[in-house]
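Enquirer: Only the shape, not the letters, is given here:
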């Protein structure tokens, strides 16, 4: 049915009608006092989301662009950097840093488990010469549905002076990530996840310590030069190059919506969705890829039921049942499917998704008792008074 | 959650995003060649929906305005008219005709059963003097969830020359109503039902026989004078007074959507929704007001479960579960609740509605097995390969 598709992928996420109407507003100029006020306002609101007094800069790019900025501005060719990798997006940190000439050491962990603070602690301890200049981590590893323990990873660095750089693209405003309290130097997020906007904007916070490093970095950067972005923001409340104006107008509206809901409530809602989805999955005899404790609040990865082709599951869900879910990525491409539950998702969306999954699996030959997953969700809802 | 409310009332119905975008288009003038083309186009498309070669006229009013036009243009004060009444909207025919000075004879039937063709047949047979000038019937009686058998009622008139006037406001484009084949003289429908538009436009078809009667009617009418509307349409492809321009622009888009789906497919979809909802209701131990055979394809009325206040059901559904359903009307106000399933409704919407109803009834103290209604819907879907 026309435009009744429900996006239950881990981004891009569903866009609220209130945002759609904002996106439909007439074009605005980007070198005007009104737009300067807008930039100032959204930058301040982003600081609230990030829980930081660091500048949060706007980039007209999707998340990977901001990841590149996090490398290009803080890593010199030849620098030793450490990447905590336990999924596709951890891998990406390593690839980008490598492209910029860094000497990349990747600490790989099993996909589907949290990156190990203990391993990081031991590695940093051994770095007596303090050769490691930056540690790259992933907050919410979208590819496996893992929520890494960022606080524990940060603590594992102890007094080591390396920058601590976080990809929070799919995790920001889903589960807590207080940037100042946890001393996170550079943190990246993207518009198409919990912000409920289309892709095209990315956000990056930079600590004073990171700015000091930035001044020593000599590698090439222009569009993603954060010093230019900072200067434009602080001196003129603007961006150095033409920004995605309509997305920034919509960003203000979405940050207003998020303020109305409240950050703590947003976290709580996502934690509850995680519980609903995992409970339903288990009620259907399926197995989440990750432990309950390590599971993402934004996306739940489910192990492929025996013999069933993941592509058939996602295709039937999409083409027959109007619910978009995701397959696996990288080494888990054919081993898991993933249900996103972040952003503009309501309990009713989760119910229809689980119902559609029940029919899909039954159609593919599994012995599914229809309604069982939905019933499990319903029980939790009633228990929670929701 | 902001704007995630699902409208499962029997109108106004959910509006597709494609229509919302059209409604968001800039204002247009109504005395322009482009708007004349638009009026011509939508009038022709409405004839396809109505399955008629009669003119279908546009009125800027909600459905009741078109009902008034159907009285004001075809009934003289003092005329004897017959109303087949088995619900709130049948009653309305009688009220309007009375207001225009007609001598109204109401044949009332039980609310929740079909109007009786047999009773009508006998009454018309007895009218040897052919004093009855018009018979008013209701296609889909929204207040009780009854689909009246319009063909049988029309046949029951045999050769009696009275006009046969149909309120098809909530039934048009939901279940078959071929205007020419069934010889329906005047047929009224409204934008906020299967047309998936906001309220504000009504449509009315007029047969040659009805036009002849109209010429003899002397009562006062101006805004709803259909002769003026006909003259404007035929001679200048316009409307006599300022029409609801943005709704007419959106009407073209919705008629295009309906053409893409196909009228037969639209009927089939609604028949299937009726089956899904009734099956779920019974699976939960509830009782539909009407028999399966007589049940509406647009709305299902459900008898109040013992001891439970209908208002509590609709309030919890709305305020807690984001699904809007309706209570009863008139003599059944506190006895039933009604689930609308017409227009821009997807199977997934029905699933979430049944799930929300399960939780609501359980919260109100009923012994409901959560998931049972949803499972019943799921079984039917799988059987039907949907």
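Expert: It's in. Being a predicted model, the structure only gives us computed values, none of them experimental. Numbers count the residues shown, from 1 in each chain, chains lettered A, B, ... in the order given.

Enquirer: Check which helix or strand residue A:40 maps to.
Expert: helix A:33-50 (DSSP states H and E).

Enquirer: any idea of the mean pLDDT in whichever helix or strand comes after that helix?
Expert: Sequence order places strand A:55-59 as the next helix or strand after helix A:33-50, per DSSP H and E. What strand A:55-59 shows for mean pLDDT is 97.

Enquirer: Which strands or helices does strand A:55-59 pack on?
Expert: Strand A:55-59 is packed against helix A:33-50, helix A:63-72, strand A:202-206, helix A:226-236, with contacts defined by 3 or more Cβ pairs under 8 Å, 6 or more residues apart in numbering or on different chains; DSSP states H and E. Every residue, glycine included, has its C-beta placed from N, CA and C.

Enquirer: How far off centre is it?
Expert: 16 Å (Cα atoms, centre = their mean, to the nearest Å).

Enquirer: what's it in contact with?
Expert: A:39, A:42-43, A:46-47, A:50, A:65-66, A:69, A:201-206, A:224, A:226, A:229-230, A:233-234, A:239, A:243, A:248 (Cβ atoms under 8 Å, 6 or more residues apart in numbering or on different chains).

Enquirer: where along the stretch 151-300 of chain A do the helices fall?
Expert: A:208-214, A:226-236, A:245-261, A:263-283 (DSSP state H, counting those that start in this stretch).

Enquirer: buried set for the second one?
Expert: Buried positions in helix A:226-236, judged by neighbour count with 16 or more other Cβ atoms under 10 Å in any protein chain shown: A:226, A:228, A:229, A:230, A:232, A:233.

Enquirer: In TSV: those residues, plus pLDDT and distance to chain B.
Expert: Formatted as TSV, these follow (pLDDT from 0 to 100; distance: Cβ to the nearest Cβ, whole Å):
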residue	pLDDT	distance to chain B
A:226	97	34
A:228	96	36
A:229	97	31
A:230	98	34
A:232	97	33
A:233	97	30
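
Enquirer: Skipping adjacent residues, who's closest to residue A:88 in space?
Expert: Spatial nearest neighbour of residue A:88, excluding adjacent residues (Cβ to Cβ, 6 or more residues apart in numbering or on different chains): residue A:143 at 3.5 Å.

Enquirer: and that neighbour, how many residues sit next to it?
Expert: For residue A:143, the count of nearby residues is 28 (other Cβ atoms under 10 Å in any protein chain shown).

Enquirer: May I have the predicted confidence score for it?
Expert: Listed pLDDT for residue A:143 reads 97.

Enquirer: Secondary structure element holding it?
Expert: Assigned by DSSP H and E, residue A:143 falls within no helix or strand.

Enquirer: Surely it touches residue A:333?
Expert: No. Judged on Cβ atoms under 8 Å, residue A:143 makes no contact with residue A:333 at a distance of 9.4 Å.

Enquirer: Next, work out how far apart the residue nearest to residue A:88 and chain B are.
Expert: Note on residue A:143: its distance to chain B, by Cβ to the nearest Cβ, to the nearest Å, is 27 Å.

Enquirer: Who are the contact partners of that residue?
Expert: A:87, A:88, A:89, A:111, A:328, A:329, A:330, A:332.

Enquirer: Not including adjacent chain positions, what is the nearest residue to the fourth one?
Expert: Which is residue A:111. Spatial nearest neighbour of residue A:111, excluding adjacent residues (Cβ to Cβ, 6+ apart): residue A:144 at 4.9 Å.

Enquirer: From what I see, the one you found and residue A:290 are in contact.
Expert: Yes. Under the criterion of Cβ under 8 Å, residue A:144 makes contact with residue A:290 at 6.8 Å.

Enquirer: Which of those two has more residues huddled nearby?
Expert: Between residue A:144 and residue A:290, counted using other Cβ under 10 Å, the more crowded position is residue A:144 (31 against 24).

Enquirer: Can you pull the phi and psi angles for the more buried one?
Expert: The phi and psi values for residue A:144, taken as degrees, to the nearest 10, are phi -120, psi -10.

Enquirer: Which residue is the nearest non-sequential neighbour of residue A:332?
Expert: Leaving aside its sequence neighbours, residue A:332 sits nearest to residue A:111 (Cβ to Cβ, 6+ apart; 5.8 Å).

Enquirer: ok, so what distance separates the residue nearest to residue A:88 from residue A:190?
Expert: Using Cβ to Cβ, to the nearest Å, we find residue A:143 at a distance of 15 Å from residue A:190.

Enquirer: so can I have JSON lines of the helices and strands packed on strand A:55-59 showing distance to residue B:348?
Expert: Putting those into JSON lines (distance: least, Cβ to Cβ, whole Å) gives the following:
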{"stretch": "helix A:33-50", "distance to residue B:348": "31"}
{"stretch": "helix A:63-72", "distance to residue B:348": "29"}
{"stretch": "strand A:202-206", "distance to residue B:348": "32"}
{"stretch": "helix A:226-236", "distance to residue B:348": "42"}
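
Enquirer: Comparing those, which comes out most buried?
Expert: strand A:202-206 (a mean of 27; mean count of other Cβ atoms under 10 Å in any protein chain shown).
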